[in-house]
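S.K.: Compute the structure for the input listed below.
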Amino acid sequence: MKNKGIKALLQTELVQQMIRYAFVGGAATVADWGCLFLLHDILKMQILIATAVGCFAGILVNYFLSKRFVFRQEIGIKKRYEFIMHAVIGFIALGFSLLLMYIFNMLLGIHWLISKIIMTAIVFVWNFAARKMLYVVFEKKGDKL
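M.R.: Residues are numbered from 1 along each chain as shown. All right, here's what the predicted structure looks like:
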């Protein structure tokens, strides 16, 4: 009986989206972390600048893969506005990332990699929830921007 409940839960659209988003988030994380590592550890760029560039790379990967694999439905707004809204969500995530990197790494002295692991979990939840709300709001309103 318990297995049927778990199977039914795993088949819901929300859970399916979250699973697909985890893969998209993984790809975005690889882009983000790869840039951060390259810029900070290899090229010796300042940590906050490297964090910002990595986060921006992750935002782009996340947007394009999310549109393709996670949030595929049309929401009744022009593509440029949809991208702008995704970018706003991403830039809020960037703000979280920079603030948390500053606190964890620069103030508390925690290695950037540990800081980034914590930040990634927080930002993953923010990104999915905010993007899901974007689609729910515009889908229900049927707004045309």
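
S.K.: Show me what the longest helix anywhere in the chain is packed against.
M.R.: Secondary structure of the chain per DSSP state H: the longest helix is helix 112-141. With contacts defined as 3 or more Cβ pairs under 8 Å, 6 or more residues apart in numbering; DSSP states H and E, helix 112-141 has these neighbours: helix 13-36, helix 47-69, helix 79-101. C-beta coordinates here come from the backbone N, C-alpha and C atoms, glycine included.

S.K.: Could you measure from residue 81 over to residue 25?
M.R.: Distance, residue 81 to residue 25, by Cβ to Cβ, to the nearest Å: 23 Å.

S.K.: Comparing these two, which shows the higher neighbour count?
M.R.: Neighbours of residue 81 and residue 25, each counted by other Cβ atoms under 10 Å, are more numerous for residue 25; the result is 23 against 14.

S.K.: residue contacts, that one?
M.R.: 62, 124, 127, 128 (Cβ atoms under 8 Å, 6 or more residues apart in numbering).

S.K.: so how far is residue 132 from the nearest residue to the third one once chain neighbours are set aside?
M.R.: Counting by Cβ to Cβ, 6 or more residues apart in numbering, the nearest residue to residue 127 once its immediate chain neighbours are dropped is residue 93, at 5.7 Å. To residue 132, residue 93 is 14 Å away according to Cβ to Cβ.

S.K.: So for those two, which residue has more residues nearby?
M.R.: residue 93 (22 against 16).

S.K.: Can you verify my assumption that the more buried one contacts residue 56?
M.R.: No: if you go by Cβ atoms under 8 Å, residue 93 and residue 56 don't touch, sitting 10.3 Å apart.

S.K.: What distance do you get for the residue positioned nearest the centre of the chain to residue 41?
M.R.: In the chain, the residue lying closest to the centroid (Cα atoms, centre = their mean) is residue 127, at 4.3 Å. Residue 127 is 25 Å from residue 41, where distance means Cβ to Cβ.

S.K.: go on, residue 96?
M.R.: 22 Å.

S.K.: do the same with residue 16
M.R.: 36 Å.

S.K.: Hmm, residue 92 and residue 55 touching each other?
M.R.: No: using Cβ under 8 Å, residue 55 makes no contact with residue 92, being 10.8 Å away.

S.K.: This completes my enquiry, with thanks.
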